[in-house]
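Chemist: give the three-dimensional model of this entry:
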Amino acid sequence: MNTNQTIETSRSIQFIYDLPGYCANLFGEKPAFYLKVGRKWQPISSKDYTATIDILSLGLLTLGIKKGENIATIFTYNCPQWNFIDMALAKIGAVHVPVYPSISDSDYLYILNQAKVRYVIASDQVLYNKLTRLQKEIPTLEKVITIENLPNVDSYDELIQLGFGASTEIQNLLDERVLSNKPDDIVTIIYTSGSTGIPKGAMLTHTNLVTNMYAAAAIQPLGKGNRVMSFLPLCHVYERTANYQFQFKGATIYYCENLKSLTTNMREVKPHGITVVPRLLEKVIKFVMVNTRKGNFMVRMVVRWAIRFGFKFKPYRKNRSLWYRVRYKLADLLVFRMVRASFGGRLRYIGCGGAPMDEKVERFFWAAKMPVFQGYGLSECSPLVALNYPGKGNYWIGTVGPVIEDVEVKIAHDGEILCKGPNVMQGYFKMDELTNKTIVDGWLHTGDIGKLVRNKYLKITGRKKQMFKTSYGKYIVPQAIESKFVGSDIIDYLVVIGEGKHCAAAIISPNFPNLRKNFDKQNKLSNSKLIETAAVKSAIKKEIDTVNKTLGKTERIQKHLIVPDVWSAETGELSPTLKIKRNLIQKKYKRQIHLLYRLDSI
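Modeler: Presented below is the predicted three-dimensional model:
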């Protein structure tokens with residue numbers, strides 16, 4: 001498909017709900033989505049997609065949903081119904097408030113109360129039970145509707161039936177709503193994960209989403225005839241808008257059953273593209289490293305050599321020597337081929353965002369012939385700001401790529417990245433003061449620190465608020481240090497601390513399954529006792545010493561605290577997008593941190 005022609009044609013799309021109709025006209029009966037039902041993948045065509053949205057819109061209007069009313073969705077899995085609801089809410093002029101299923105009760109209460117949500121559409125019994133338990137603390141919440149058919153619970157199927165039975169009055173109301181909609185109407189409120197405080201609701205319009213969609217689609221290599229696998233939560237604006245791009249370009253989206261089935265689903269579908277967060281790619285490499293221990297000494301050494309070889313790979317490099325090609329062939333035979341097979345064997349596009357990624361991980365997947373195209377965005381920018389894409393000159397390892405069409409970026413005097421364009425949000429919901437501090441003279445202050453490489457490629461170097469100064473007046477960027485541990489198979493998460501202290505230190509949540517494979521094969525020790533063993537302490541100290549050799553003197557981790565806890569979004573240390581909640585972690589281990597520094601002689 002001619003990308004430029006497609007983008008030009010799409011200028012008629014002013015509202016995000018025009019997208020399915022555009023796809024139906026262009027692609028007709030071609031499947032837009034696939035969902036696995038039992039053992040079979042069932043298709044849904046672009047025409048069926050459009051027809052379902054029309055019926056569902058009538059069903060939602062029959063409920064009495066008002067224009068501009070906030071309606072929440074909470075799903076534990078991805079499915080076509082999420083898209084149907086998303087588009088139908090937009091069409092009737094309502095505001096879609098997608099919520100992560102894994103957030104805390106307090107965040108549920110804050111979001112649903114601030115948004116004054118009357119209806120929540122949830123995926124399953126577990127979420128229904130949770131929401132009905134919290135309902136008495138959410139005065140505006142009238143009804144929870146579920147995708148799954150549950151006894152005595154309003155269901156998605158019943159909404160569809162309401163649509164089929166809609167009166168002439170309701171049908172006329174839908175026509176009136178569509179005519180009254182404006183491109184600058186708020187269509188969704190995206191609540192950030194709240195890694196540094198209470199959730200903030202970024203208000204996005206049709207114009208925000210649509211302009212960002214076709215700017216990204218202009219450089220999206222996948223299209224008609226390609227398969228993509230969707231498994232990141234659709235409530236994540238990155239996955240949501242990637243789905244818009246794939247629909248727009250005619251790629252067929254397969255929805256993963258769940259994360260446990262990801263590898264199986266990948267092998268069944270053999271996708272050409274996926275979107276991921278860096279953590280997934282890091283875990284793939286760790287899995288390979290851990291499984292090498294099952295072989296003999298020679299196998300382990302050769303496989304580790306192959307991984308290190310991948311870490312140094314240089315994309316687009318030509319005129320490689322015969323000796324290099326022989327080594328690459330061996331590395332491919334031993335490792336890269338196996339990794340490709342686990343992703344289905346046809347993967348040629350990995351879109352990656354949501355968090356910083358170690359350059360070594362990026363190079364490894366390029367070496368495995370599964371190129372990673374790292375991008376940068378934020379909910380407040382709908383979300384995309386910059387993206388690497390195929391072709392020499394369009395990609396630079398270690399950066400998030402060139403700034404996309406229609407978006408302006410400049411670097412402030414303190415290194416902060418500022419953005420301007422039609423993708424910038426209207427503001428934070430009910431937070432005027434914060435909005436005025438964040439958007440100044442049309443420029444959105446991202447809070448991220450970065451620079452332009454070769455005056456073209458944006459590179460993120462840290463978070464403005466997360467940089468800290470030691471008692472010696474030296475600045476430290478914790479993410480730059482933390483990223484060096486992503487290849488570790490015994491350290492799961494590491495947080496660098498030391499603001500106002502004389503040296504940098506680290507709080508470490510180990511990878512306990514891997515520790516046990518090496519140091520507690522009988523599984524006799526608790527986490528607390530395992531981290532106290534000399535062997536575990538020595539192994540972790542060795543990892544830190546290795547990284548310290550690559551750091552400047554003031555950046556080196558001179559003290560560390562190993563904790564017995566497994567960090568996750570459910571236990572609160574991570575956001576739903578698996579970002580570290582630094583403030584919460586430092587508060588949780590405040591006493592241990594105090595002792596860590598107090599016992600040290602300066």
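Chemist: show the pLDDT at T546.
Modeler: According to the predicted model, the pLDDT of T546 comes to 95.
Chemist: swap that for R320, please
Modeler: pLDDT, R320: 85.
Chemist: that one and Q558, how far apart?
Modeler: If you measure R320 against Q558 using C-beta to C-beta, to the nearest Å, the figure is 41 Å. From N, CA and C alone the C-beta is placed, and that goes for glycine too.
Chemist: higher neighbour count, these two?
Modeler: Of the pair R320 and Q558, Q558 is the one with more neighbours under other C-beta atoms under 10 Å, namely 15 against 11.
Chemist: part of a strand, is the more buried one?
Modeler: Yes: for Q558, which was evaluated using DSSP: H, G, I helix; E, B strand; the rest coil, the result is membership in a strand.
Chemist: and for the closest residue to it other than its chain neighbours, the neighbour number?
Modeler: Here the nearest residue to Q558 in space, its sequence neighbours aside, is C503; by C-beta to C-beta, 6 or more residues apart in numbering that works out to 4.1 Å. By other C-beta under 10 Å, the residues close to C503 number 20.
Chemist: so C503 sits against T470, correct?
Modeler: Yes: with contact defined as C-beta atoms under 8 Å, C503 and T470 form a contacting pair (6.8 Å).
Chemist: biggest helix in this structure by residues?
Modeler: Longest helix in the chain by number of residues (criterion: DSSP state H): helix 46-62.
Chemist: circling back: can you pull the contacts of the residue nearest to Q558?
Modeler: Taking C-beta atoms under 8 Å, 6 or more residues apart in numbering as the contact definition, C503 lies against 470, 556, 558-559, 600.
Chemist: pLDDT at it, what is it?
Modeler: At C503, the pLDDT recorded in the model is 90.
Chemist: over to A506?
Modeler: Confidence at A506, expressed as pLDDT, is 97.
Chemist: and the one 3 residues further on, by the same measure?
Modeler: Model confidence at S509, expressed as pLDDT, equals 97.
Chemist: ok, it - contacts?
Modeler: 491-494, 563, 565-567, 573.
Chemist: ok, so of the residues you listed, who is nearest K524?
Modeler: Taking C-beta to C-beta as the measure, K524 lies nearest V566 of the contacts of S509, at 18.2 Å.
Chemist: let's verify E380: helix, strand, or coil?
Modeler: For E380, the secondary-structure state derived from three-state DSSP is helix.
Chemist: count the residues that sit near it.
Modeler: Counted with other C-beta under 10 Å, residues neighbouring E380 total 29.
Chemist: got it, and N113?
Modeler: Residues within reach of N113, counting by other C-beta under 10 Å, total 15.
Chemist: so where is the stretch 501-602 of the chain shaky, pLDDT-wise?
Modeler: Under the criterion pLDDT under 70, the flagged ranges of the stretch 501-602 of the chain are 599-602.
Chemist: which parts of whichever strand or helix holds L561 are buried?
Modeler: Per DSSP states H and E: L561 is located in strand 557-562. Neighbour counts over strand 557-562 (16 or more other C-beta atoms under 10 Å) mark 557, 559-562 as buried.
Chemist: out of the residues you listed, flag the one nearest to K590.
Modeler: Set against K590, the nearest of those by C-beta to C-beta is L561 (11.3 Å).
Chemist: hey, what's that closest one bridged with?
Modeler: Each beta-bridge partner of L561 is listed here: I507, as defined by DSSP bridges.
Chemist: so it sits against L596, correct?
Modeler: Yes: the pair formed by L561 and L596 meets the contact definition of C-beta under 8 Å, at 5.4 Å.
Chemist: overlap in contacts, those two.
Modeler: A505.
Chemist: and T73, helix, strand or coil?
Modeler: Quick answer, by three-state DSSP: T73 is strand.
Chemist: right, I mislabeled it, should have said K318
Modeler: Relying on three-state DSSP, one would call K318 coil.
Chemist: on that earlier part again, what would the contacts of C503 look like in CSV with distance to L458?
Modeler: Converted to CSV, these look like this (distance: C-beta to C-beta, whole Å):
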residue, distance to L458
T470, 28
R556, 28
Q558, 33
K559, 34
D600, 39
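Chemist: how is this protein partitioned into domains?
Modeler: Taking automatic domain parsing as the domain assignment, the ranges for the chain are 9-181+248-255, 468-597.
Chemist: nearest to V302 among these would be which one?
Modeler: With respect to V302, and counting by C-beta to C-beta, the nearest of these is domain 468-597 at 17.1 Å.
Chemist: which one of the contacts of C503 sits closest to Y17?
Modeler: Each of these was checked against Y17 using C-beta to C-beta; the closest is T470, at 52.2 Å.
Chemist: got the contact list for the closest one?
Modeler: When contacts are counted by C-beta under 8 Å, 6+ apart, T470 touches 476, 498-504, 554.
Chemist: switch to 7 Å and redo it
Modeler: 476, 498, 501-503, 554 (C-beta atoms under 7 Å, 6 or more residues apart in numbering).
Chemist: same question, G351
Modeler: The neighbours of G351, taking C-beta under 7 Å, 6+ apart as the test, are 242, 275, 373, 375.
Chemist: narrow those residues to those in helices?
Modeler: Assignment to helices by DSSP H places the following of the contacts of G351 there: A242.
Chemist: save the contacts of G351 as TSV, and put in neighbour count, distance to R340 and pLDDT too.
Modeler: Formatted as TSV, these follow (neighbours: other C-beta atoms under 10 Å; distance: C-beta to C-beta, whole Å; pLDDT from 0 to 100):
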residue	neighbour count	distance to R340	pLDDT
A242	27	22	97
T275	25	18	97
F373	24	17	97
G375	24	22	97
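Chemist: the contacts of G351 in strands, which ones?
Modeler: Secondary-structure check on those using DSSP state E: residues within strands are 275, 373, 375.
Chemist: the last one touches C381, doesn't it?
Modeler: Put plainly, it is G375. No: under the criterion of C-beta atoms under 7 Å, G375 makes no contact with C381, lying 11.2 Å away.
Chemist: related to what we said a few turns ago, tell me the one among the contacts of S509 nearest to G201.
Modeler: Looking at the contacts of S509 and their distance to G201, the nearest is E573, at 23.2 Å (C-beta to C-beta).
Chemist: distance of the closest one from G421?
Modeler: In this structure, E573 and G421 are 34 Å apart, going by C-beta to C-beta.
Chemist: quick one: the helices in the stretch 351-500 of the chain?
Modeler: Under the criterion DSSP state H, counting those that start in this stretch, helices of the stretch 351-500 of the chain are mapped to 359-367, 432-438, 478-482.
Chemist: and the contacts of the shortest one?
Modeler: It refers to helix 478-482. Contacts to helix 478-482, defined as C-beta under 7 Å, 6+ apart, come from residues 356, 461-463, 466, 494-496, 551, 555.
Chemist: let's see 10 Å
Modeler: Residues from elsewhere that reach helix 478-482, judged by C-beta atoms under 10 Å, 6 or more residues apart in numbering: 355-356, 358, 449, 460-463, 466-468, 491, 493-499, 504, 506, 547-548, 550-551, 555-557, 580, 582.
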